[in-house]
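A.B. asks: no FASTA, just this:
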């Protein structure tokens, strides 16, 4: 393995920082949405805002050499006029200095879903002015942190927050509208290109990419009907983000299909040129599972995701396009996520062949319920999961893929959006009922030993 390979964990500002209204931070769309609905929120979360040094020190002691985290837009920019919150800048300067102190390479995302509420009030990602606001926010970050960060990404998982917020309606702003979904998706990808443009024109050191919630698509058989369904599914799941960010073009067959029944006049020629001219330097792929599909057989569109942890609640069907199915041969989590490491191997090979860009596995992990009152959580299931997925990465590298890093989701337990804190992914347990005390799990020590063994601890096998 290359000595420069990045081994670490990934978090998101809203899911770990807490301190939602401290030191001049503005309200985010998630603060407003969860408070208004009376739902479990991230007001305190993992209390990373106060305990970041403890967390980064534990990363170092755990053998890790990198930390992927996001900056909070509403902590840094106070209002629609773009005024800077110096206390927010100071927090991230201190966090970055702490990374340097412990020799941890920062890997930084500009936007991990926490849009300032002052922009949500004007329409959020339906408001085209938010694209320019994002560009301004990105420039502020480059100017203040550019000397301390080499690896930047514009957005985390556009597909996930756009689909859930504008089509499914289970994330803020809670719409169920295809036209709004299309506009939000376009504005996010245009904003991403503006972020890349500002980075390159500013001559900042380092490289810039995007992070995608990657679900490689498989079909149930080799029929032409299934291959057509796979193309629809790939366009819905992956291509509108990856093709647009890496190749500079939305998939034209997807746009042609949508144009049959929806207005695409919001797509402007000059902005499409900006997207074309400002592609990313690398791709981050968050992998949890694949998408297995069959041809559409009937019924209305259904997009249901499991937020309860009771198996069998998920359903994905897009009318006239495809139906997602389950493979009964494979195990799933309580949240219906199929455990399928071969999908990571195949997906990395497919992505590298298609885009010819460096790849990072920017998230990978398993969410389960755990009793963290014990002295040490014995999470052998997480160790087995990580072993098999890191093995899949090594198989892809052996096949010629340029993969440069792996980030466990997550280095410590986090607040998990609509799942609250019940669904745990961390290598370090956080006792949310007992002052956010940290206790390393067995997987934390396994990950340390694996890295220090120069990966010899990984049990290799072919799929």
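C.D. replies: Noted; the coordinates are in hand. Note that the structure is a prediction, hence the values are computed from the model and not measured. Numbers count the residues shown, from 1 in each chain.
A.B. asks: average pLDDT across the helix or strand harbouring residue 450?
C.D. replies: According to DSSP states H and E, residue 450 maps onto helix 442-452. Across helix 442-452, pLDDT averages out at 97.
A.B. asks: cool, and stretch 362-380?
C.D. replies: For stretch 362-380, mean pLDDT rounds to 97.
A.B. asks: what's the straight distance from one end of it to the other?
C.D. replies: The separation between the terminal residues of stretch 362-380, taken as Cα to Cα, to the nearest Å, is 22 Å.
A.B. asks: Pull out the buried positions in it.
C.D. replies: The neighbour-count check on stretch 362-380 (16 or more other Cβ atoms under 10 Å) flags 362, 363, 364, 365, 366, 367, 368, 370, 372, 377, 379 as buried. Placement of C-beta: from N, CA and C, glycine included.
A.B. asks: Among those residues, which one sits closest to residue 188?
C.D. replies: Of all those, residue 188 sits closest to residue 362, with 17.3 Å by Cβ to Cβ.
A.B. asks: Can you report phi and psi for the closest one?
C.D. replies: phi -90, psi -10 (degrees, to the nearest 10).
A.B. asks: do residue 438 as well
C.D. replies: Note on residue 438: its backbone torsions stand at phi -100, psi 140 [degrees, to the nearest 10].
A.B. asks: For it, grab the count of nearby residues.
C.D. replies: 19 (other Cβ atoms under 10 Å).
A.B. asks: what sits against the nearest residue to it once chain neighbours are set aside?
C.D. replies: Nearest residue to residue 438, sequence neighbours excluded (Cβ to Cβ, 6 or more residues apart in numbering): residue 428, at 5.2 Å. Residues in contact with residue 428 (Cβ atoms under 8 Å, 6 or more residues apart in numbering) are 55, 58, 411, 412, 413, 438, 439, 440, 441, 444.
A.B. asks: quick one: the last one and residue 427 touch, right?
C.D. replies: Okay, so that is residue 444. Yes - in this structure, residue 444 is within contact of residue 427 by Cβ atoms under 8 Å, at 4.1 Å.
A.B. asks: Find the residues that touch each one of the two.
C.D. replies: With Cβ under 8 Å, 6+ apart as the test, residue 444 and residue 427 both reach residue 62.
A.B. asks: Can you give the distance of the top helix by length along the chain from its chain's centre?
C.D. replies: Using DSSP state H, we find that the single longest helix of the chain is helix 178-201. Distance of helix 178-201 from its chain centroid, counting by Cα atoms, centre = their mean, to the nearest Å, is 16 Å.
A.B. asks: got it, and stretch 361-377?
C.D. replies: Stretch 361-377 sits 18 Å away from the centroid of its parent chain (Cα atoms, centre = their mean).
A.B. asks: now the helices for the stretch 101-250 of the chain?
C.D. replies: Using DSSP state H, counting those that start in this stretch, the helices of the stretch 101-250 of the chain run over residues 117-120, 129-145, 158-162, 178-201, 224-234, 240-242.
A.B. asks: Relative to residue 152, which of the ones you listed is closest?
C.D. replies: So among the helices of the stretch 101-250 of the chain, helix 178-201 is nearest, using Cβ to Cβ, at 6.6 Å.
A.B. asks: pLDDT below threshold where in the stretch 1-150 of the chain?
C.D. replies: When residues are selected by pLDDT under 70, those of the stretch 1-150 of the chain lie in 1.
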